[in-house]
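Visitor: 3D, please:
(2 chains)
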There are 2 protein chains.
Amino acid sequence: MNVLFTFKIKDEQLKNLQSRFPEVHFEYNKELDESPIDKFEVIVTYGEDINTSVLEKATSLKWLMVASAGVEKMPLSEIAERGIVISNVRGIHKTPMAESVIGHILSLTRALPSLYDQQKRKEWNTRVKQTELRGSTAIILGPGAIGSEIGRLLQAFGVRTIGCNQSGRPAESMDETIQFDNLIDRLPDADYVISILPSTAETKGLLDERYFKAMKPTATFMNFGRGDLVKESILVDALKNGEIGHAVLDVFEKEPILVDSELWNLSNVSISPHVSSHSGKYIERALEFFIENLEKWQNGDGELVNLVDPKKGY
Amino acid sequence: MNVLFTFKIKDEQLKNLQSRFPEVHFEYNKELDESPIDKFEVIVTYGEDINTSVLEKATSLKWLMVASAGVEKMPLSEIAERGIVISNVRGIHKTPMAESVIGHILSLTRALPSLYDQQKRKEWNTRVKQTELRGSTAIILGPGAIGSEIGRLLQAFGVRTIGCNQSGRPAESMDETIQFDNLIDRLPDADYVISILPSTAETKGLLDERYFKAMKPTATFMNFGRGDLVKESILVDALKNGEIGHAVLDVFEKEPILVDSELWNLSNVSISPHVSSHSGKYIERALEFFIENLEKWQNGDGELVNLVDPKKGY
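Guide: Now for the predicted structure:
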């Protein structure tokens, strides 16, 4: 069987694959348009290089392994027509995002920004204001794969987790799950309000002024979902007026943030330029998905993990 | 029953105590030398105000609750002679220290220092070098109460934990435990080498040059135990020569670090001025120990938690 990678993996990773699947021939070539690709049963790709002319040439292609979470820009109807199986790496962002969220929380709780600043001034000062994460309460907006991973880790730190979704249906690693409709009533309980919500008609502008006024004045608001959850002006006001204690933002209403955005001037905000999902281990993780599926594929098991329905697009 | 606090607790905390133990009378007075204290059966203290003249006046005293981990400066032989029960808050540092250690690790892994610096420059730059904690290996020198709490949290993050102690006896939350004698051979496996060792004859200067040469060039060395584990000059050399990737230091050979210490000039070190055990929740945590013991005391249960043997001093 022939497998084509259209992105480069490390020699060591290729060697591991080869020794694990000795009967499979792996090849790397990023010039799909100019090469004969009719012998490949499997193509491993980030997705953006797959177009209709590639599909026409790839006459043996049976499985597209897409090392990315979204496939919306791919020629899905042609893929469906040709009966090509497609799978992706849904959930690959879970680990780096959850580690970023917990890292930001602990950094603030244990006063690391102050320690870093002192160090730059060569200042030995033990009077830094530190507290503990243990015993606090977090509301997680969007307790899906990423939200539940955040919840699992928070619970290990002794944090009470309250998931919040449309239905209020129980979610993994949440001590309790509430509905969006009840969110405002429960905000006064939360030390951390963490959103990993996608952008949908329901979530757009969901958090208006009333929500920030309902939060604890010491609360930390964290947006790691989509920037349109809350207007920047509302957030700036809440931070300036002390309606909340701090904000950690990985996503913004406008990205990049404008140079004259007031957010840059606030001391109680941590700005992360939409990088919380980035990871030097991305390809390593993507290969873990691929290996699991290649084993199933070899065994004739059609139940690949992270199958995409090309008609639905996810 | 009368209980005397020689340090101030919050009104709210006192109210909680009072409602939980309605039959107990609580009083606060820090001037032990000048007040009649013969009516108090229990004294709750940080310890440094208890001397022989106080013991002579405290004729009803049966239990000293010391809200500190060390009691070595107290008049232990007089306490023993008078048959006074003494308990402390051993383990109170576990939570803040473990949170500090994990916070520092995640901050480095997820590049928070770079993000903080970019923010100061109002710079939106997504090319920060981030990796993941998951899948790495940590050696924990001194897997006692604090070390095991660090191990427990690391395991939740998918880290392999190797405890290292004198005997090699299995320790809690360690996937494996090795002896000091085997440490140097296992150092090449570790992404994190974390010490919470106390200062003893065996640990003083334990980590000589050879140990740092044995570590991965990408390893992070973290000293949260005692500074005399390693000479500052050895550490500086290891960091300058790239024998290790980074050091996070909460303790130092000399504290405070001298102004002209080379450590201040290295970019691959994080300096924490011996504050990793500090916490704004200290009294809250100490009261948790006290409440548990007061309940036992009221029930005539002599098996208080964290009893100190005044003859041994711990």
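Visitor: contacts and neighbour counts: CA atoms only from here.
Guide: Fine.
Visitor: Tell me the spatial nearest neighbour of residue A:276, not counting adjacent residues.
Guide: residue A:97 (5.1 Å; Cα to Cα, 6 or more residues apart in numbering or on different chains).
Visitor: After whichever strand or helix holds the one you found, which helix or strand is next?
Guide: Using DSSP states H and E, residue A:97 sits in helix A:94-109. Beyond helix A:94-109 on the C-terminal side, the first helix or strand identified by DSSP H and E is helix A:112-120.
Visitor: Tell me if that following helix is near chain B.
Guide: Yes: contact of helix A:112-120 with chain B (Cα under 8 Å from any Cα of the partner chain) involves A:112-113, A:115-116, A:119-120.
Visitor: burial measure for the nearest residue to residue A:28 once chain neighbours are set aside, as a count.
Guide: Spatial nearest neighbour of residue A:28, chain neighbours left out: residue A:5 (4.7 Å); criterion: Cα to Cα, 6+ apart. If you count neighbours by other Cα atoms under 10 Å in any protein chain shown, residue A:5 ends up with 18.
Visitor: Which pLDDT value belongs to residue A:73?
Guide: pLDDT for residue A:73: 83.
Visitor: Might you report the residue contacts of it?
Guide: Taking Cα atoms under 8 Å, 6 or more residues apart in numbering or on different chains, we find residue A:73 in contact with residue A:48.
Visitor: And residue A:310, by the same measure?
Guide: Going by Cα under 8 Å, 6+ apart, residue A:310 touches A:76-77, A:79-80, A:86.
Visitor: List only those of these flagged as buried.
Guide: Those of the contacts of residue A:310 that meet the buried threshold are A:76, A:79, A:86, by 16 or more other Cα atoms under 10 Å in any protein chain shown.
Visitor: Keep only those of the residues you listed that are in strands.
Guide: In strands, judged by DSSP state E, the following of the buried ones among the contacts of residue A:310 are found: residue A:86.
Visitor: JSON lines please, covering the buried ones among the contacts of residue A:310 and showing distance to chain B and pLDDT.
Guide: Compiled in JSON lines, the buried ones among the contacts of residue A:310 are given as follows (distance: Cα to the nearest Cα, whole Å; pLDDT from 0 to 100):
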{"residue": "A:76", "distance to chain B": "30", "pLDDT": "93"}
{"residue": "A:79", "distance to chain B": "33", "pLDDT": "96"}
{"residue": "A:86", "distance to chain B": "27", "pLDDT": "96"}
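Visitor: what's the offset of stretch A:127-147 from the middle of its chain?
Guide: 17 Å (Cα atoms, centre = their mean, to the nearest Å).
Visitor: Provide a list of residue ranges in the stretch 101-250 of chain A with pLDDT below threshold.
Guide: Of all residues in the stretch 101-250 of chain A, none has pLDDT under 70.
Visitor: what about the helix or strand that contains residue A:163, near chain B?
Guide: Secondary structure assignment for residue A:163, by DSSP H and E: strand A:160-165. No: between strand A:160-165 and chain B, judged by Cα under 8 Å from any Cα, nothing touches; the nearest distance is 15.9 Å.
Visitor: Kindly report the residues of the stretch 151-300 of chain A close to chain B.
Guide: Counting by Cα under 8 Å from any Cα, the stretch 151-300 of chain A comes close to chain B at A:153, A:156-157, A:256-257, A:259, A:264, A:270-276, A:278-281.
Visitor: Apply 10 Å and report the result again.
Guide: Residues of the stretch 151-300 of chain A lying close to chain B by Cα under 10 Å from any Cα of the partner chain are A:152-158, A:255-261, A:263-265, A:267, A:269-282.
Visitor: Helices of the stretch 151-300 of chain A, residue ranges please.
Guide: A:183-186, A:209-214, A:232-240, A:282-298 (DSSP state H, counting those that start in this stretch).
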